[in-house]
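Chemist: I would like the atomic coordinates for the input below:
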Amino acid sequence: MKRMTIGAIALGLLAGSAMAQNSLPDYNESDEAKAKRKENQAIDRQYRTTVDRMRGEPATTKADPWSNMRGPADSNAKR
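Modeler: Purely as a prediction, here's the structure:
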C-alpha cells in the first residue's frame, strides 16, 4: 500500500510539471503579433472551408491536366 501511495504521488508530480509546460496566452503581445495571429487564423479558416467544400462535391468531370497540350485531331481511337 505504501508503494502505491508513493507511486501515485510521483505520477502526480510528473503530471504537474508536464502541465506547467503548456504555454499561456501572452497578454503583453504586440499589435503586430496579434495581427499576424489573426491573419493565420483567417488563412486556416479559408483552408478548412476549401477542403470541406472539395470533399463535399463529387467530381463531375475527369481532370485532364494535358488537355490544352493536345490538338483537336488527337483522339483515343488513333492510339
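
Chemist: distance check, Asn40 against Gly7.
Modeler: Taking Cβ to Cβ, to the nearest Å as the measure, Asn40 falls 42 Å from Gly7. (Glycine included, C-beta is placed from N, CA and C.)

Chemist: okay, and for this structure, where does confidence drop off?
Modeler: In the predicted model, the chain carries pLDDT under 70 at residues 16-26, 57-63, 70-79.

Chemist: repeat that for 90
Modeler: Under the criterion pLDDT under 90, the flagged ranges of the chain are 1-4, 6-34, 37, 50-79.

Chemist: identify the single longest helix in the protein, thanks.
Modeler: Of all the segments of type helix in the chain, defined by DSSP state H, the longest one is helix 31-56.

Chemist: which positions within that one qualify as buried?
Modeler: For helix 31-56, burial by neighbour count (16 or more other Cβ atoms under 10 Å) applies to no residue.

Chemist: other SSEs contacting it?
Modeler: Using 3 or more Cβ pairs under 8 Å, 6 or more residues apart in numbering; DSSP states H and E as the contact criterion, helix 31-56 has no neighbours among helices and strands.

Chemist: i'd like the first residue to be 13 from this point on
Modeler: Done: numbering now begins at 13, and the last item shifts to helix 43-68.

Chemist: does Tyr39 sit in a helix, a strand or a coil?
Modeler: When the structure is reduced to helix, strand and coil (DSSP: H, G, I helix; E, B strand; the rest coil), Tyr39 reads as coil.

Chemist: state the distance from it to Ser79.
Modeler: Applying Cβ to Cβ, one obtains 55 Å for the distance of Tyr39 from Ser79.

Chemist: between those two, which is the more surrounded one?
Modeler: Shown here are Tyr39 and Ser79; by other Cβ atoms under 10 Å, Ser79 has more neighbours (8 against 5).
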